[in-house]
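J.: Okay, structure incoming, though there's no sequence with it:
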């Protein structure tokens, strides 16, 4: 734990994607160059191992020994207490994005500076390998500053290979085939997303059926809630309906959804939108932040379900799926299947702006 710092004395913080001296996402450190890192701050991402300690004192061969003077991007005046430093829970175990209260405080009360540089510092994206035999997961986190709150949008995309059996491609599959691929594992959490402290989304099985040259895919997935409920759904490739696109938590201010697309693989996209609330000048967090941390839950009104998602829809010109902004502005998120089944993603920086929430539309389906 970091030693306490007197109030009023600035101390350097880390980027949400930085958990080591050469760490960082594709937006902030794509070449793994030396980057400012405060090792005294807690990090739930990297355990202290021999290799990790060695990385603190060695330089990779591709870099020379002359290291530039590194300055922190994030600083804070808040006392270094657990409530200030402890981050929100990870949504996916392999995605190293940790947002703490001091990040939110800097965005809101950045010493009179405009919020745009801090928004850019908190906007991260990258691609990570979930396990040695698992698909590569592409992720992006984009914050949004409004006059009354700070919002956060997460997107996670990963391709799931089709269970083709002995066939190398779908075209080589026999006239009739029925293959089932289990995705839910008690050991690995590759296909599990903890969208908030009160709900976890899990992909359970993928089934491929080929009959008379026509392929169909079914994906079964479930949602475990903090109330002990388990809700199960199924997506079918032959039906246009996406049953899990619009859901919300009734115990914190989180909206979320999952979508599927069949190409050479099944492209799974999980989206999460959070209302982080407003932080006072002295660092006092509101009920929204505490509920998202896993503290005291709130009773969210049903009319508020889907509100955070609709704010991003408004910013993006109503197209939250493709992410194409109004007149080409706002946030761009363009996802497509690459040549080898990888996910290609282009990310543009989110600019600060004032958003008017359209409260006239009814909320989407929700999960209590």
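T.: Now that the structure is in, tell me what you want to look at. The shown structure was predicted, so the numbers you read here are calculated from the model rather than taken from an experiment.

J.: any low-confidence regions in the stretch 101-250 of the chain?
T.: Scanning the stretch 101-250 of the chain for pLDDT under 70 picks out the ranges 110-115, 129-134, 164-178, 186-188.

J.: Pairing partners for the helix or strand where residue 204 lies, with directions?
T.: Secondary-structure assignment from DSSP states H and E places residue 204 in strand 199-211. Sheet pairing for strand 199-211, assigned by DSSP bridges, gives strand 176-182 (antiparallel), strand 192-196 (antiparallel), strand 214-225 (antiparallel).

J.: can you put the ones you listed in CSV and add mean neighbour count?
T.: (C-beta placed from N, C-alpha, C; glycine too.) Formatted as CSV, the entries for the strands paired with strand 199-211 read as follows, by neighbours: other C-beta atoms under 10 Å:
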stretch, mean neighbour count
strand 176-182, 13
strand 192-196, 23
strand 214-225, 18
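
J.: among the ones you listed, which is nearest residue 122?
T.: strand 192-196 (18.7 Å; C-beta to C-beta).

J.: Which elements pack onto the helix or strand containing residue 308?
T.: Using DSSP H and E, residue 308 sits within helix 307-315. With contacts defined as 3 or more C-beta pairs under 8 Å, 6 or more residues apart in numbering; DSSP states H and E, the secondary structure elements packing on helix 307-315 are strand 136-145, strand 150-160, strand 254-262, strand 266-277.

J.: now those strands as a markdown table including mean neighbour count?
T.: Compiled in a markdown table, the helices and strands packed on helix 307-315 are given as follows (neighbours: other C-beta under 10 Å):
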| stretch | mean neighbour count |
| --- | --- |
| strand 136-145 | 23 |
| strand 150-160 | 23 |
| strand 254-262 | 22 |
| strand 266-277 | 23 |
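
J.: Rebuild the ones you listed as JSON lines, extending it with distance to residue 226.
T.: Supplementary listing: those in JSON lines, determined by distance: least, C-beta to C-beta, whole Å:
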{"stretch": "strand 136-145", "distance to residue 226": "23"}
{"stretch": "strand 150-160", "distance to residue 226": "19"}
{"stretch": "strand 254-262", "distance to residue 226": "11"}
{"stretch": "strand 266-277", "distance to residue 226": "16"}
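
J.: Could you confirm residue 36 falls within a strand?
T.: No - remark: residue 36 does not belong to a strand; assigned using DSSP: H, G, I helix; E, B strand; the rest coil, it is coil.

J.: switch to numbering from 25
T.: Got it, first residue is 25 now, which makes that one residue 60.

J.: What sits closest to it if chain neighbours are left out?
T.: What sits nearest to residue 60 in space, not counting adjacent residues and going by C-beta to C-beta, 6 or more residues apart in numbering, is residue 94, at 4.1 Å.

J.: Show the contacting residues for the one you found.
T.: Residues near residue 94 by C-beta atoms under 8 Å, 6 or more residues apart in numbering: 58-60.

J.: for these, which one is nearest residue 129?
T.: Distance ranking of the contacts of residue 94 against residue 129, using C-beta to C-beta, places residue 60 first at 18.8 Å.
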